[in-house]
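> Provided below for reference: sequence and predicted model.
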Amino acid sequence: MPRFIHVNGPPGIGKSTLAQLYVDRHPGVLNLDIDRLRGLIGGWQERFAETGEIVRPIALGMAGTHLRAGHDVVMPQYLGKLSEITRFEAVALDSSAVFCEVVLMDSKEMSIRRFSCPGQDDPSHWRRFVRDIVERDGGAELLAEMHDRLTEVVRARPNAVVVPSIADDVDRTYQALATVLDEAR
């Protein structure tokens, strides 16, 4: 049975990096990185939030198509609203797939600090662009609110599995993620 694996977590925690590692090691799995899809829509930089609303239905369609073909989907995406999570969960269920929720977490303080770190070079300048948006919309206060919303989501979703994201140790964090996903089979 195919799986829709939602990797949730605060911004900058390592969701996209870990999802790419997972896909690289599991042929046929779709890396449904919504932020990559956003970059395919004209004007996304000037209309960031609006473009997110355009991209989510596209992502839902892609996920359903891939799942119905019998293949897993991994989606690295911060979702701090239950209604958004249940939309993706419904696609999994409608596609006769299992919905797996994994939440990468660190403390609020460390999550904010990690977001602010330069990190690895990104040729698309994505991280710098997102940092500018976060600064414009509230900076550390916005990140703290996002972390709090995610903590509430975890409380409301008893099947979500929290995986500690270890700063500067992608390999150990990936191993913990892979173990959780292997156990969920």
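Ah, there it is.

> For the protein, just list every one of the helices.
For the chain, the helices defined by DSSP state H occupy 15-25, 34-38, 48-68, 82-94, 108-116, 126-137, 140-156, 170-183.

> could you check the angle helix 140-156 makes with the fifth one?
To tie it back to what came earlier, the one meant is helix 108-116. For helix 108-116 against helix 140-156, the angle by axes from the mean of the first three to the mean of the last three Cα atoms, to 10 degrees is 120 degrees.

> mean confidence for helix 108-116?
Mean pLDDT, helix 108-116: 91.

> Which among the helices of the chain is found nearest to residue 74?
helix 15-25 (4.8 Å; Cβ to Cβ). (Glycine included, C-beta is placed from N, CA and C.)

> Wait, residue 54 touches residue 40, no?
No: when contacts are counted by Cβ atoms under 8 Å, residue 54 is not listed as touching residue 40 (10.0 Å).

> When the two are compared, which one has more neighbours?
residue 54 (14 against 10; other Cβ atoms under 10 Å).

> which residues touch the more buried one?
residue 41 (Cβ atoms under 8 Å, 6 or more residues apart in numbering).

> Could you list the low-confidence segments of the chain?
118-126 (pLDDT under 70).

> what do you get if the cut-off is 90, keeping everything else the same?
12, 35, 39, 44-49, 52, 115-140, 142, 168, 183-185 (pLDDT under 90).

> Mind naming the longest strand for it?
Longest strand in the chain, counting residues (DSSP state E): strand 98-105.

> Name the surrounding residues that touch that strand.
Here strand 98-105 has contacts from 1-10, 13-15, 18, 85, 88-89, 92-93, 111, 150, 153-154, 157, 159-165, 173, 177, 180-181, 184, using Cβ under 8 Å, 6+ apart.

> Which strands border that strand, and is each parallel or antiparallel?
In the sheet, strand 98-105 lines up against strand 3-8 (parallel), strand 161-164 (parallel) (DSSP bridges).

> if we can go back for a sec, by neighbour count, sort out the buried ones in the contacts of strand 98-105.
Buried subset of those (neighbour count, 16 or more other Cβ atoms under 10 Å): 2-10, 13-15, 18, 85, 88-89, 92, 111, 150, 153-154, 157, 160-163, 165, 173, 177, 181.

> re earlier: for the helices of the chain, give me CSV that also has distance to residue 102.
Compiled in CSV, those are given as follows (distance: least, Cβ to Cβ, whole Å):
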stretch, distance to residue 102
helix 15-25, 9
helix 34-38, 16
helix 48-68, 16
helix 82-94, 12
helix 108-116, 16
helix 126-137, 21
helix 140-156, 11
helix 170-183, 6
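
> Okay then, goodbye and thanks.
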